[in-house]
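Participant: Compute the structure for the input listed below.
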Amino acid sequence: MLEAQGITWTKDHKTILKTIDFHLLQGECVGFIGPNGSGKSSLLKILAFLETPTSGLLFFQGQSVPRNVPLPIRRRIAIVFQEPLLLNTRVFDNVATGLKIRGMAKGKIRERVDYWLEQFGVSHLTKQSARSLSGGEAQRVSLARAFALEPDVLFLDEPFSALDAPTKEGLRNDLGQVFKATHTTTVLVSHDFKDITHLASRALILLNGQIAAEGSPSELLKNPQKEEVARFLAHFSS
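Facilitator: Predicted coordinates for the structure are as follows:
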C-alpha cells in the first residue's frame, strides 16, 4: 500500500530522519512511538506527503510518487492531528467538506456524514457550531470527517494527547471498534504505548531519527532487541 526506501530529511541544517525504510500493508495499523524529537511525527508528515524528503523514494499502491505529489494521490489519504482543525461552521458541514470537494451527490453526502457521526457518537451535534465543541467532541468530529472520505491510508498524529484520561479512554475504545469493522490502513503516532498496544498490530520505535526496533507491541515489551529500546520501554511495562 505504502512504502518508503532510504528516506532522509534534513531541516535547518539538522538531520531529522536517517535512512528510513518502511512498508505499510493494506488493512494494518502501524504505530510510531518514541521520545520527543525522535522523528515520529516527521516521518508521518513525509509519508502523508506534507513534507518532501531530502532523499529517498516513496511508493503508493506500487507506483513511485514524484516530488510534486499529484492531487489524485493526495485525495486518497486523510489526516487527523492532535488539535482538531475544524471550520467555523456546523458539525455536519465540517464532515461534509471533503466530500463536497470531491463532487459527491448531496444525498450520498448526507448518508455518509450521518453514518460516521453516528459511529463516533456525535450525531446529536450535527447542527451545532464546531467551535462550541469540547475537545473530545471536536476530535470525534475530526475522525468522522476523515473516515467519511474512505481513505486508502489514514494518518493519526497524536490524536488523543490533548484529551483528559476518561475522554481519551472512551475515544480510543470507539476507534478500536471502528478499526475492527473497517480494517482501515492506518499510521498512528503516539507518545503513549497504551495507544499503540490497543490499536496497532505492529509498532516502530524511533530513536534519534532512526527505526530502533520493530514488531508487535507485546513482542517489543518482552524482547526490546536493544538496550536503548529497553530503557525507553521500561516505564511502559510496569
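Participant: which residues does the residue nearest the centre of the chain contact?
Facilitator: Nearest to the centroid of the C-alpha atoms of the chain, with distances taken as C-alpha atoms, centre = their mean, sits Leu156, at 1.7 Å. When contacts are counted by C-beta atoms under 8 Å, 6 or more residues apart in numbering, Leu156 touches Ile79, Val80, Thr186, Val187, Leu188, Val189. All C-beta atoms are positioned from the backbone trio N, CA, C, and that covers glycine.
Participant: Run the chain-centre distance for the helix or strand harbouring it.
Facilitator: Using DSSP states H and E, Leu156 sits in strand 153-157. The chain centre lies 2 Å from the centre of strand 153-157; the measure is C-alpha atoms, centre = their mean, to the nearest Å.
Participant: So what's the residue count around Thr19?
Facilitator: By other C-beta atoms under 10 Å, 13 other residues sit near Thr19.
Participant: how close does it sit to Leu163?
Facilitator: Distance check for Thr19 against Leu163: by C-beta to C-beta, to the nearest Å, it reads 34 Å.
Participant: picking up where we left off before, for the residue nearest to the centre of the chain, give the beta-bridge partners.
Facilitator: Val80, Leu188 (DSSP bridges).
Participant: all numbers from here: first residue = 52
Facilitator: Sure, I'll start counting at 52 from here, so that last one is Leu207.
Participant: The nearest residue to Arg118 once chain neighbours are set aside: neighbouring residues, count only.
Facilitator: Spatial nearest neighbour of Arg118, excluding adjacent residues (C-beta to C-beta, 6 or more residues apart in numbering): Thr103 at 5.6 Å. By other C-beta under 10 Å, the residues close to Thr103 number 12.
Participant: Assumed Thr103 was part of a strand.
Facilitator: No: judged by DSSP: H, G, I helix; E, B strand; the rest coil, Thr103 forms no part of a strand; its state is coil.
Participant: Got phi/psi on it?
Facilitator: phi -100, psi 120 (degrees, to the nearest 10).
Participant: Do I have it right that it meets Leu109?
Facilitator: No: contact criterion C-beta atoms under 8 Å: Thr103 and Leu109 do not qualify, at 9.4 Å.
Participant: Give me the common contacts of these two.
Facilitator: Common neighbours of Thr103 and Leu109 (C-beta under 8 Å, 6+ apart) are Ile97.
Participant: contacting residues around Gly149?
Facilitator: Applying C-beta under 8 Å, 6+ apart, the residues near Gly149 are Ala129, Arg196, Ala199, Leu200.
Participant: gap between the first one and Gly107?
Facilitator: It stands for Ala129. Distance, Ala129 to Gly107, using C-beta to C-beta: 23 Å.
Participant: These two: which is more packed in?
Facilitator: Higher neighbour count among Ala129 and Gly107: Ala129, with 23 against 17, using other C-beta under 10 Å.
Participant: Which pLDDT value does the model give the more buried one?
Facilitator: Here, the pLDDT recorded for Ala129 equals 95.
Participant: Nearest to Ser267 among the contacts of Gly149?
Facilitator: Ala129 (25.1 Å; C-beta to C-beta).
Participant: Return the residues in contact with the closest one.
Facilitator: When contacts are taken as C-beta under 8 Å, 6+ apart, Ala129 is in contact with Gly149, Arg196, Ala197, Phe198, Leu200, Pro202, Val204, Leu205, Phe206.
Participant: One more: Glu188?
Facilitator: Residues near Glu188 by C-beta under 8 Å, 6+ apart: Val173, Leu176.
Participant: any idea whether it is helix, strand or coil?
Facilitator: helix.
Participant: Packing partners of the helix ranked longest in the chain?
Facilitator: Secondary structure of the chain per DSSP state H: the longest helix is helix 216-233. Packing partners of helix 216-233 (3 or more C-beta pairs under 8 Å, 6 or more residues apart in numbering; DSSP states H and E): helix 186-199, helix 244-250.
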